[in-house]
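Engineer: Pasting the sequence and the predicted coordinates here, then a few questions.
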Amino acid sequence: MTSLGGLGIKGPPYRLIHGNTKDISNMIKEAMSKPKSLSSSHEVLSVVQPHVHSWTKIYAEGEKWAKMRKLATHAFHGESLKSMIPAMVASAETMLERWKNYEGKEIEVFEEFRFFTSEVISRTAFGSSYIEGQHIFEMLMKLGFLLTKNSLTIRVPGIR
């Protein structure tokens with residue numbers, strides 16, 4: 001059994017070279033072979049990612065996991081979100097003001113809403129506009145890229 005980053009979250013044992021990919025593949029094949037009659041949205045995970053559904057029932061309970069879940073729930077509680085409304089409104093006003101420059105022209109909506117989301121996060125989390133917090137977001141994107149790249153690297157014990 002392995003532990004996730006010292007967080008006290010247990011998981012299935014890791015196997016050399018392939019990790020848990022064979023287990024995951026078999027679970028997905030099994031889930032796809034069964035008839036699907038989903039009565040609620042909570043059952044979707046058991047079909048889309050059966051390994052996550054199964055392993056969370058077996059391993060993801062524990063004192064540290066419960067604390068993490070409680071912290072995440074608190075962050076999205078209604079009272080916590082109420083304090084963020086002024087920052088969200090300010091970000092929306094900034095976006096609408098910027099859109100005035102595009103009058104009669106096309107707007108790349110996907111990019112605009114990506115920027116808007118980043119602006120809201122920056123204002124609520126860091127107390128600054130996206131422009132001021134852009135460096136932080138660039139570093140977070142680089143970190144995400146490195147984590148993804150690192151997770152795809154095959155490790156052989158004794159060889160770096």
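Structural biologist: Right, received. Where do you want to start? Numbering: from 1, shown residues only.

Engineer: For the helix or strand hosting T73, the averaged confidence score.
Structural biologist: Assessed by DSSP states H and E, T73 sits inside helix 63-75. For helix 63-75, mean pLDDT rounds to 72.

Engineer: And stretch 143-159, by the same measure?
Structural biologist: 74.

Engineer: Using PDB, write down the CA coordinates of it.
Structural biologist: Coordinates of the C-alpha atoms in stretch 143-159 are reproduced here as PDB (Å, rounded to 0.1, in the frame of the first residue of the first chain):
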ATOM      1  CA  LEU A 143       4.600  23.700 -12.300                       C
ATOM      2  CA  GLY A 144       1.600  21.900 -13.800                       C
ATOM      3  CA  PHE A 145       3.600  21.100 -16.900                       C
ATOM      4  CA  LEU A 146       6.500  19.800 -14.900                       C
ATOM      5  CA  LEU A 147       4.300  17.700 -12.700                       C
ATOM      6  CA  THR A 148       2.600  16.200 -15.800                       C
ATOM      7  CA  LYS A 149       5.900  15.600 -17.500                       C
ATOM      8  CA  ASN A 150       7.300  14.000 -14.300                       C
ATOM      9  CA  SER A 151       4.300  11.700 -13.900                       C
ATOM     10  CA  LEU A 152       4.900  10.300 -17.400                       C
ATOM     11  CA  THR A 153       8.600   9.600 -16.700                       C
ATOM     12  CA  ILE A 154       9.400   5.900 -16.300                       C
ATOM     13  CA  ARG A 155      11.600   5.400 -13.300                       C
ATOM     14  CA  VAL A 156      14.000   2.400 -12.900                       C
ATOM     15  CA  PRO A 157      15.400   1.900  -9.400                       C
ATOM     16  CA  GLY A 158      19.200   2.600  -9.300                       C
ATOM     17  CA  ILE A 159      19.200   4.600 -12.600                       C
END
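
Engineer: Measure how far it is from the centre of its chain, please.
Structural biologist: Chain-centre distance of stretch 143-159: 19 Å, with CA atoms, centre = their mean, to the nearest Å.

Engineer: which outside residues touch it?
Structural biologist: Residues outside stretch 143-159 that contact it (CB atoms under 8 Å, 6 or more residues apart in numbering): 16-17. Any C-beta I mention is one placed from the backbone N, CA and C, and that applies to glycine too.

Engineer: Tell me the buried residues in that stretch?
Structural biologist: Within stretch 143-159, no residue counts as buried by 16 or more other CB atoms under 10 Å.

Engineer: Pull the number of nearby residues for A60.
Structural biologist: Neighbour count of A60, defined by other CB atoms under 10 Å: 16.
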